[in-house]
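K.L.:
Structural data only, the sequence is not supplied:
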Ligand SMILES: Nc1nc2c(ncn2[C@@H]2O[C@H](COP(=O)(O)OP(=O)(O)O)[C@@H](O)[C@H]2O)c(=O)[nH]1
Ligand code: SF4
């Protein structure tokens, strides 16, 4: 998929949560529900959007708008609606409806709230179910129970969203592969057309990481987690989902358009505190900009920001990288190998103007093929489902 | 015009590492105006980066210093630089043979150390006038009296006229120059006799071919002259002659006693053996100068490209290195495990490290090197004797009558507090004590005979660690001796991995085998499948470990915000793979091939 067009995905990061989950290392800070700066944050995001659009290759055509977090379902539907309306105004691809996703946490939204999101134009809801077992939800530090999570899924269906996705975390300490698979099945039965199933990764700096170090929580068993990966995949594939990315499953035609775009190398604008974007500038260069995670600093900086400031690292923008063609090739391989379809190195090579199947990559591919970890079909390389378990190592060899 | 021999002084500076040889050389260049303060590069004589890092000089860099003495006469001083490391004994001797005098630099805060003694003895054996120079007298911790006593008692040199200097501040450097003029004899030689010049160094120049550094012993060497190298018999025409001062300057002739370089369209440094004699081609040759011998490598290791496709690039790089360093030998080798590569011979361990570093640094090659080994003389039951320099090639035990291995004499200088630890180390390494004596109340000189192979197994590092860095050593190979040796084979997933085979003494074979397995378990990363590592002596497995399989290596989330981080992580992971060799279905990192060196006793 071409990145040198002017199509783009837009990611809006909402950096607040009511409380921090034990495993979370995302950019989010706890906030009291009545202190969420609904309007101010929307104003700041829209300000950033207007400045970023000045830097980008024109005309801009948005293909998706994704509200992630943090907990964007804490944000008022009115503010979300304002952002949707302004951004949609700047243009989309004619005849192709823009996908608008909001991530929501079952404990921060009720049926009325869900309906309001639908009313302001949201087309897809992604619900953080995470687990259906009470002790495991507690271990994860989630404030909701299984009933509430499943209710949120059905409410979303009732409200008429075109697409509903559910998040599941498996591979938790003490969880067997059979248990992981049965949770996946139970979630699927509540009707989402998309499931994101994540193997738990414990980040040392999180509350869960600390608990594990102190021995309060037993460590993850590597073999069990690996078996759970296969068990969850088998369960969902058995129910008719396609395992289309390492951690994502969808009914036919119900892939996340936003993420699919990013994984295939499409450009995406990141807006908000802690957001990351990768976009093509008017002069053709592709940059990746990461905004500082400081939400308060973001609100203040946006009051007097300029387009030029967004091209300097050190202020609102914490880091800035210019991505050369080789780097982009590496990323396309790394992301493409996480997709069931793989990556067509010849096509990417033609697009970026750098060699795809270098001698080193051909050699690496041959060695991986022997071990059953890679399949080559003409210019395309892909990892078979069971071999995704070694995806890091495989991608590193193919970089 | 050549100087008359009476106005020439040829000398070297000899010292233990870090005692100030390079600093003093710099100061001499500066004081004689050869190198102005402004254009001075720190330690001019130590140019090569690796040498600079390690603080040693490997390739001689010789300079002519014009010096106007206190008596008003201008003398030609030739500073002949000698390699500063034990691996280059022979080269040091050749360079000393080109001199009449030597400055023995001793750091007076440290006193006499192993290489002080070894170098001083070489100089005395070469009949040089040795002038003791007590250096670093600017430091508060200096102990001039003690150092004088040590030089007198241990080296056996009178210190009545020893010079006290600071190479750093320049204090006393003038007195050194005067001492060179008054105490070092002028070159003897016969200016009217047939030409004889001693080759004491050579290097490869990309434009002019092999260049040699010579000391004219008799007669005169002229541009255009037809010359002959006695050892090889090859003849050449002198295309250019010159001296370094410090940059190359052409001269039309070099007279008796003078030192300079010769360019003669010599294709390879191989044809310019250090120690060889240059004579005039047309005449009946005079007898060769004494002392020439072909240097023989003592330490051997396999060098293989990580990627077999780099074989040609590796061969080219080895050939280029060999041009400048004929002491380094290589020949094609194949290993079942490592594929096509080369078996390389080195003068010693340091020489080996230098070559390996150059290959990787200057030629950007990813290499796998096997653990260093010595050459074994294997006496077979059928009466034949084979020389084997690769443990994997040692014939099976049932065909072997006995095996001889190289022995070395090691001289260790240590503060008395560490004598016990040093003796224990030498005993563990199958050493035979030869002598032990005090050089002063708190310094001891220990002499041992040790199998050279034991020195290769990390001996120097162990010596440093048991003596907290205070002990110093020097070693020399003295011959061969019979030992009860066995081969340990390492099997990976049941297949013997030839490049990991080692020869060890029978008494230690079980512990070495076990320790080696344990070390390999640490060094071989977990892979997709379980890896079994076994040590076997003959058909008997003496140790076994398993490297557990990796079940998962995957990151669950990789969204827009994670991409850069993950890419950087993978790039790092990929770098780590560059030093791995695929052996069958198992990947073995470079470190594993050197595991035997890391096995602590
Ligand atoms: N204070 C002091 N330091 C010195 C003197 N001579 C050499 N050094 C230092 O001792 C170290 C080793 O000197 P160097 O000339 O490289 O020793 P080499 O290994 O014998 O060539 C360097 O850090 C020098 O700066 C001196 O006279 N006084
Ligand atoms: S809701 Fe999401 S972002 Fe917020 S703390 Fe939990 S895991 Fe982190």
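P.N.:
Good, I have the coordinates. As the structure is a computational prediction, the values presented were derived from the model and not from experiment. Ligands and ions are numbered 1, 2, ... in the order given.
K.L.:
give me every residue that touches the closest residue to residue B:323 other than its chain neighbours.
P.N.:
Residue nearest to residue B:323 in three dimensions, not counting chain neighbours: residue B:204, with 3.9 Å by Cβ to Cβ, 6 or more residues apart in numbering or on different chains. The C-beta positions use only the backbone N, C-alpha and C, and glycine is treated the same way. Counting by Cβ atoms under 8 Å, 6 or more residues apart in numbering or on different chains, residue B:204 touches B:210-211, B:268-269, B:323-324.
K.L.:
Residue B:204 belongs to a helix?
P.N.:
No: counting by DSSP: H, G, I helix; E, B strand; the rest coil, residue B:204 is located in no helix; its state is strand.
K.L.:
Which helix or strand contains residue B:94?
P.N.:
helix B:89-97 (DSSP states H and E).
K.L.:
ok so, going back, make CSV out of the contacts of residue B:204 and add pLDDT and secondary structure.
P.N.:
Formatted as CSV, these follow (pLDDT from 0 to 100; DSSP: H, G, I helix; E, B strand; the rest coil):
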residue, pLDDT, secondary structure
B:210, 83, strand
B:211, 86, strand
B:268, 76, coil
B:269, 74, helix
B:323, 73, helix
B:324, 72, helix
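K.L.:
and the helix holding residue B:94, what does it pack onto?
P.N.:
The elements that helix B:89-97 packs onto, with contact taken as 3 or more Cβ pairs under 8 Å, 6 or more residues apart in numbering or on different chains; DSSP states H and E, are strand B:8-15, helix B:114-125, strand B:196-205.
K.L.:
can you rerun that using 10 Å?
P.N.:
Secondary-structure packing of helix B:89-97 (3 or more Cβ pairs under 10 Å, 6 or more residues apart in numbering or on different chains; DSSP states H and E): strand B:8-15, helix B:114-125, strand B:196-205, strand B:209-218, strand B:472-483.
K.L.:
Report whether the host helix or strand of residue A:158 contacts ligand 2.
P.N.:
Per DSSP H and E: residue A:158 is located in helix A:146-159. No: remark: helix A:146-159 sits outside contact range of ligand 2, by Cβ under 6 Å from any ligand atom, the gap being at least 12.5 Å.
K.L.:
any low-confidence regions in the stretch 51-200 of chain B?
P.N.:
For the stretch 51-200 of chain B, the stretches with pLDDT under 70 are B:51-60, B:84-86.
K.L.:
To ligand 1, which of the helices and strands packed on helix B:89-97 lies closest?
P.N.:
Across these, ligand 1 has its closest neighbour in strand B:8-15 (4.6 Å, Cβ to the nearest ligand atom).
K.L.:
partners of the closest one, with directions?
P.N.:
Looking at strand B:8-15 with DSSP bridges, its partner strands are strand B:74-79 (parallel), strand B:101-107 (parallel).
K.L.:
Briefly note if whichever helix or strand comes after that strand comes near ligand 1.
P.N.:
Reading on from strand B:8-15 to the C-terminus, the next helix or strand found by DSSP H and E is helix B:21-31. Yes: with Cβ under 6 Å from any ligand atom as the criterion, ligand 1 is reached by helix B:21-31 at B:21-23.
K.L.:
which residue sits closest to the most centrally placed residue in chain A, ignoring its sequence neighbours?
P.N.:
Nearest residue to the geometric centre of chain A (Cα atoms, centre = their mean): residue A:259, 6.2 Å. Setting aside the residues directly before and after it, residue A:259 is nearest to residue B:559 in space (Cβ to Cβ, 6+ apart), at 6.6 Å.
K.L.:
The one you found: what's it in contact with?
P.N.:
Applying Cβ atoms under 10 Å, 6 or more residues apart in numbering or on different chains to residue B:559 gives the contacts A:11, A:66, A:68, A:247, A:256, A:258-259, A:262-263, A:268, A:276, A:335, B:566.
K.L.:
can I get those in JSON lines with distance to residue A:231 and pLDDT?
P.N.:
Listed next are these as JSON lines, based on distance: Cβ to Cβ, whole Å; pLDDT from 0 to 100:
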{"residue": "A:11", "distance to residue A:231": "32", "pLDDT": "97"}
{"residue": "A:66", "distance to residue A:231": "29", "pLDDT": "98"}
{"residue": "A:68", "distance to residue A:231": "28", "pLDDT": "95"}
{"residue": "A:247", "distance to residue A:231": "14", "pLDDT": "97"}
{"residue": "A:256", "distance to residue A:231": "23", "pLDDT": "96"}
{"residue": "A:258", "distance to residue A:231": "28", "pLDDT": "97"}
{"residue": "A:259", "distance to residue A:231": "24", "pLDDT": "97"}
{"residue": "A:262", "distance to residue A:231": "28", "pLDDT": "96"}
{"residue": "A:263", "distance to residue A:231": "24", "pLDDT": "97"}
{"residue": "A:268", "distance to residue A:231": "33", "pLDDT": "95"}
{"residue": "A:276", "distance to residue A:231": "32", "pLDDT": "96"}
{"residue": "A:335", "distance to residue A:231": "25", "pLDDT": "97"}
{"residue": "B:566", "distance to residue A:231": "25", "pLDDT": "94"}
